[in-house]
Structure formats: C-alpha cells, structure tokens
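S.K.: Predicted coordinates and the sequence they were generated for:
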Amino acid sequence: MAEIKFEIKETMGTLSQSPKGWNKELNLISWNGKEAKYDLRDWAPEHEKMGKGVTLNIDELRSLRDLLNGMEL
C-alpha cells in the first residue's frame, strides 16, 4: 500500500476530543501534493495517526454551512 502524504496548511478548529485524546478537527489539508481541501476527521495527538474522514472542496463546505445554518438545533 502506498504511503499517504499530507500537509496541514491551516487548522480551522477542534470540534471534540475523545477519552483517548484523539481530536475531531476541521483542517485545510493538501493530500499527496494536490490542491488543499477542507477535511474533517479524527486525529491522534501530534497527528501521527488519523481516522476516516470527509474531504470537501470550498463549494461543498459552503453548501454544508448553508445546510447547518438552516437547521433548528
């Protein structure tokens, strides 16, 4: 299996932390040298391991924002 390379360009924020210390974060990440995209996933401390996540381009992120803003919470 090929190694996945990533570079966190900007950390937008942390949504939560698990009892094991993993953080659910929204970051702007470049995967394998490609254009950076917004990424929501769990990260181990120091970002040495990651969980499965969702990667969004700017248009998808705006659509998600609009959906969330329209919800009654």
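M.R.: Yep, that arrived.

S.K.: how distant is stretch 50-57 from the center of its chain?
M.R.: 5 Å (C-alpha atoms, centre = their mean, to the nearest Å).

S.K.: Would you agree Y38 falls within a strand?
M.R.: Yes: assessed by DSSP: H, G, I helix; E, B strand; the rest coil, Y38 belongs to a strand.

S.K.: Can you report how many residues lie near it?
M.R.: By the criterion of other C-beta atoms under 10 Å, Y38 has 18 neighbours. Any C-beta I mention is one placed from the backbone N, CA and C, and that applies to glycine too.

S.K.: now the one 10 residues further on
M.R.: Other residues near E48 come to 7 when the count uses other C-beta under 10 Å.

S.K.: Parallel or antiparallel, list what pairs with the lengthiest strand in the chain.
M.R.: What stands out as the longest strand in the chain, according to DSSP state E, is strand 6-17. Here strand 6-17 is paired, per DSSP bridges, with strand 23-31 (antiparallel).

S.K.: Need the contact partners of the partner strand.
M.R.: 4-18, 36-43, 45, 55 (C-beta atoms under 8 Å, 6 or more residues apart in numbering).
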